[in-house]
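Enquirer: for reference, the sequence and a predicted model appear below.
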Amino acid sequence: MKATTRNIILIGLALAVLLILASSVYIVSETNQVIITQFGEPKSGTISNPGVHFKLPFIQKVNFFEKRWLEWDGDANQINTKDKKYIWVDTYARWRISDPLKFFQRVKDERGAHSRLDDIIDGETRNTVANFDLLEVVRTSNRKFEQTEESAILDQTEAMASIGTGRLKIANIILNESSKIIPEFGIELRDVQIKRVNYVEEVQQKVFDRMIAERQRIASKYRSEGDGKSAEIRGQKERELKRIQSGAYKTAQEIKGKADAEATRIYAQAYNLDPEFYQFMKTLETYRTTLDKDTWLILSTDSEFLKYLKSAGNR
């Protein structure tokens, strides 16, 4: 009975020692840095050396913070530019915890840091963008503007204007202004970039309507040009067809005239050789074309038409 009790006590002591050791040891990785707190109050500086470290069990707590650069992706802000254009501006930034102790004391954790970054970067974005025209926020350089019929979003005169600052410099202004405040929270900003710029919904619809009207105008122009070209081609076809028909008719008439002349010459030649025979043949041809079983003729007996019939009857 005593041995069993002793074994239970030993096992309990062993478990207690293991629990104390587990609560006393913590490991810092290459990507982390640590602040030790006791009852919520910091009790050490920043511990950033990788490896195994010790703390007081149970009463001290290990708070891990990232060493690496982190991403902040803000919500789009509706901003009124200097030239009274209502737009959405969406920004993002990269940041890191530069002073874990100050970071812990001021914002506690990454969620609190994001809340501060929202306030600071969004506020500086709003203030900065409001001091510039839309063209400055959209363009980054004064490269040559290519005029096209499809340029419908911005007025071409406005779009061809030169910029003095540009999008990249505006982003740097936001970064510089935000960096004046951010270090108070143990945070370092690496960069701030404008991810997207877009019109608000009301203006978007007007822009889309303008784009549709512009495309319809261009389509109407192309259809009109096509109809004009089609009419021109049809006119050329008609003229060419008439020219070909006229030439063919002329050629046919010339051939026909030559044939008639040749026939007339042959008839005349034959007539001159034997006029009586020619007259006989022509009369027979007339009989064949004018007389049939249903034809009635009333002629005098001395009619020239009956000359050869009478001759045939006398024979």
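Expert: It's in. Everything quoted here is computed from the prediction, not taken from an experiment.
Enquirer: check which element follows the helix or strand hosting S115 along the chain.
Expert: Taking DSSP states H and E as the criterion, S115 maps to helix 110-129. Downstream of helix 110-129, the first helix or strand assigned by DSSP H and E is helix 134-138.
Enquirer: for that next one, name the packing helices and strands.
Expert: Packed against helix 134-138, as judged by 3 or more CB pairs under 8 Å, 6 or more residues apart in numbering; DSSP states H and E, are the following elements: strand 86-97, helix 167-179, strand 187-199. (Glycine included, C-beta is placed from N, CA and C.)
Enquirer: which residue ranges make up the domains of the protein?
Expert: Per the record, the chain has its domains at 2-66, 70-199, 275-314, by automatic domain parsing.
Enquirer: deepest-packed of those domains, please.
Expert: domain 70-199 (a mean of 16; mean count of other CB atoms under 10 Å).
Enquirer: start to end distance for it?
Expert: 29 Å (CA to CA, to the nearest Å).
Enquirer: what of stretch 180-195?
Expert: Taking CA to CA, the first and last residues of stretch 180-195 lie 22 Å apart.
Enquirer: next, D75: phi, psi?
Expert: phi -80, psi 150 (degrees, to the nearest 10).
Enquirer: list the contacts of it.
Expert: 90, 118, 122 (CB atoms under 8 Å, 6 or more residues apart in numbering).
Enquirer: possible to save the helices and strands packed on helix 134-138 as CSV with mean pLDDT and distance to K282?
Expert: Listed next are these as CSV, based on pLDDT from 0 to 100; distance: least, CB to CB, whole Å:
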stretch, mean pLDDT, distance to K282
strand 86-97, 93, 103
helix 167-179, 94, 104
strand 187-199, 92, 98
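Enquirer: dump these to a markdown table, plus distance to N272.
Expert: Compiled in a markdown table, the helices and strands packed on helix 134-138 are given as follows (distance: least, CB to CB, whole Å):
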| stretch | distance to N272 |
| --- | --- |
| strand 86-97 | 106 |
| helix 167-179 | 106 |
| strand 187-199 | 102 |
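Enquirer: wait, which of the ones you listed is closest to I212?
Expert: Closest approach to I212 among the helices and strands packed on helix 134-138 (CB to CB): strand 187-199, 15.2 Å.
Enquirer: quick one: list the elements packing against that closest one.
Expert: By 3+ CB pairs under 8 Å, 6+ apart, strand 187-199 packs against strand 86-97, helix 110-129, helix 134-138, helix 167-179.
Enquirer: hmm, 10 Å instead?
Expert: strand 70-73, strand 86-97, helix 100-106, helix 110-129, helix 134-138, helix 167-179, helix 201-273 (3 or more CB pairs under 10 Å, 6 or more residues apart in numbering; DSSP states H and E).
Enquirer: what's the distance between A76 and T125?
Expert: 10 Å (CB to CB, to the nearest Å).
Enquirer: what touches both of these two?
Expert: 89-91 (CB atoms under 10 Å, 6 or more residues apart in numbering).
Enquirer: for these, which one is nearest N49?
Expert: Once CB to CB is applied, the member of these that ends up nearest N49 is T91, at 35.4 Å.
Enquirer: flag the shaky bits of the stretch 51-200 of the chain, pLDDT-wise.
Expert: The model of the stretch 51-200 of the chain has pLDDT under 70 over residues 145-160.
Enquirer: before we move on, back to that, looking at the helices and strands packed on strand 187-199, which is closest to Q279?
Expert: helix 201-273 (8.2 Å).
Enquirer: need the next SSE after that closest one, C-terminal direction.
Expert: helix 275-290.
Enquirer: report the angle between that following helix and helix 201-273.
Expert: In terms of direction (axes from the mean of the first three to the mean of the last three CA atoms, to 10 degrees), helix 275-290 departs from helix 201-273 by 130 degrees.
Enquirer: just the C-alphas of helix 275-290, formatted as CSV.
Expert: The C-alpha trace of helix 275-290 is given here as CSV (Å, rounded to 0.1, in the frame of the first residue of the first chain):
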residue,chain,number,x,y,z
PRO,A,275,-32.2,36.4,-163.5
GLU,A,276,-35.0,34.1,-164.7
PHE,A,277,-33.9,31.2,-162.4
TYR,A,278,-33.5,33.6,-159.5
GLN,A,279,-37.0,34.9,-160.1
PHE,A,280,-38.3,31.4,-160.3
MET,A,281,-36.6,30.4,-157.0
LYS,A,282,-37.9,33.4,-155.2
THR,A,283,-41.4,32.8,-156.4
LEU,A,284,-41.4,29.2,-155.2
GLU,A,285,-40.2,30.4,-151.9
THR,A,286,-43.1,32.8,-151.7
TYR,A,287,-45.5,30.0,-152.6
ARG,A,288,-44.1,27.9,-149.8
THR,A,289,-44.4,30.6,-147.2
THR,A,290,-47.8,32.1,-148.2
